[in-house]
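[1] pasting the structure only:
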């Protein structure tokens with residue numbers, strides 16, 4: 001024991017910090033960076049890039065602003081770090097869902113991934129506000145976001161959507177259109193939460209509202225639950241003639257058939 005203590009004292013005298021002290025400092029630095037990223041996320045989401053300031057971000061967490069520039073030299077670097085931090089959390093949510101509930105087919109995989117994104121946005125409504133600040137018009141930040149973060153994530157989703165289309169679960173349209181349809185559905189509560197409260201006294205953070213909303217989305221898009229019947233339009237050959245003297249279904253529209261989602 002004495003020998004070990006002498007060794008640590010010798011390391012300190014020689015300028016080398018003990019390993020446990022280094023680990024503690026690294027942990028503190030990690031916690032500081034995480035606090036900065038979370039505060040910057042809220043600041044950029046509420047004010048946008050141009051109006052946000054390093055000083056305001058520091059005030060949110062009670063830090064001196066030079067400490068933020070020590071970790072992130074410029075506001076641009078900080079913004080990019082925030083975007084990567086947020087999307088890494090979304091990827092973590094995805095992996096968690098796919099591990100807990102391995103999908104049995106493509107449509108189930110699509111359902112799980114968008115459910116995970118919706119869950120994230122209800123827990124962190126700032127996410128869509130953060131994105132909305134950038135997508136209103138083109139900017140170099142939006143292009144960086146598309147190239148660095150969005151394209152790899154969309155590249156994971158679109159093949160699954162195409163496969164689900166091949167399985168007959170989705171209509172034959174450009175998969176990116178279906179993707180942005182789902183993005184709009186995942187963002188509804190976080191986007192219209194204040195308006196819902198003002199008009200209907202419904203809280204977008206109420207678990208009952210959240211569950212009812214997403215259950216409705218899944219019922220409409222994916223069917224009530226995996227394997228249940230959904231109604232989709234048939235091909236031209238599936239239309240049946242109406243019995244003589246009776247009008248055809250829905251004024252000449254072909255009947256609909258049920259398929260398994």
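    Ah, there it is. Remember, it's a predicted structure, so these values are computed and weren't measured experimentally.
[2] residues in contact with the helix or strand harbouring residue 155?
    Using DSSP states H and E, residue 155 sits in helix 151-166. With CB atoms under 8 Å, 6 or more residues apart in numbering as the test, helix 151-166 has contacts from 87, 90-91, 105-107, 109-110, 113, 170-172, 175-176, 178-179. Yep, even glycine has a C-beta here, placed from its N, CA and C like the rest.
[3] again with stretch 190-200
    Stretch 190-200 is contacted from outside by 121, 122, 125, 127, 128, 129, 132, 189, 202, 203, 204, 205, using CB under 8 Å, 6+ apart.
[4] got it, and stretch 41-58?
    Applying CB under 8 Å, 6+ apart, the external contacts of stretch 41-58 come out as 36, 39-40, 60, 64-65, 67-69, 75, 78-79, 82, 85-86, 124, 126-127, 129-130, 133-134, 141.
[5] what comes up buried for it?
    41, 42, 43, 44, 45, 49, 52, 54, 57, 58 (16 or more other CB atoms under 10 Å).
[6] now the buried members of the contacts of stretch 41-58.
    The buried subset of those - by 16+ other CB under 10 Å - is 36, 39-40, 68, 75, 78-79, 82, 85-86, 124, 126-127, 129-130, 133-134, 141.
[7] could you check how far the residue most central in space within the chain is from residue 160?
    The chain has residue 117 as the residue nearest its centroid, 3.7 Å off, counting by CA atoms, centre = their mean. To residue 160, residue 117 is 13 Å away according to CB to CB, to the nearest Å.
[8] do residue 102 as well
    Going from residue 102 to residue 160 by CB to CB gives 14 Å.
[9] what's the answer for residue 58, then?
    Using CB to CB, residue 58 is found at 42 Å from residue 160.
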